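Undergrad: missing the sequence, but the structure's below:
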Ligand SMILES: [Fe+2]
Ligand SMILES: [Fe+2]
């Protein structure tokens, strides 16, 4: 299956978010490669890494929305939650020996770009304004690296 290719309309304009989204795209493409190679152990490893990273991304994104007082935070959280549940179900099936990696790969490919273009794009205005204010406020210096450290494991 062809690789997912980043296109400029996926950029939110919030660099830290864009680089996280690109990392998730990389995971999805790595999953495609591992599938093509028919390497079950590699597929399992990629799924694990991707789930872990995506959970961190969701938590980070939700904290930005919360800090900004974004009015549709709850709805956005719900969308993340349902997605996480679907992926976790598939991961459990994979671990139980069912080859669901094709289905999972398809879901990820369809879901991610449409989520970035609609749900994520919707919070950009609110979050960006708040981030600028935080950066201007000297007393909050370092908040970005602090919150990244909170959600992402050093690797
Ligand atoms: Fe996102
Ligand atoms: Fe999101």
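TA: Cool, got the structure. Bear in mind the structure is a predicted one, so any value in this text is a computation, not a measurement. Ligands and ions are numbered 1, 2, ... in the order given.

Undergrad: which regions of this protein sit below the pLDDT cut-off?
TA: Counting by pLDDT under 70, the low-confidence segments of the chain come to 1, 154-155.

Undergrad: which residues sit against the one helix or strand residue 82 maps to?
TA: Per DSSP states H and E, residue 82 falls inside helix 73-95. Outside helix 73-95, the residues within contact range by Cβ atoms under 8 Å, 6 or more residues apart in numbering are 43-44, 47-48, 51, 54-55, 58, 61-62, 65-66, 70, 100-101, 103-104, 107-108, 111, 115, 119, 122-123. From N, CA and C alone the C-beta is placed, and that goes for glycine too.

Undergrad: please redo it, this time with the cut-off set to 6 Å
TA: 47, 58, 62, 65-66, 100, 104, 119 (Cβ atoms under 6 Å, 6 or more residues apart in numbering).

Undergrad: cool, and stretch 24-36?
TA: 1, 3-4, 6, 42-43, 46, 50, 54, 101, 105, 108.

Undergrad: skip the chain neighbours and tell me the closest residue to the most centrally placed residue in the chain.
TA: With distances taken as Cα atoms, centre = their mean, residue 54 lies nearest the centre of the chain, 4.0 Å away. Residue nearest to residue 54 in three dimensions, not counting chain neighbours: residue 24, with 5.9 Å by Cβ to Cβ, 6 or more residues apart in numbering.
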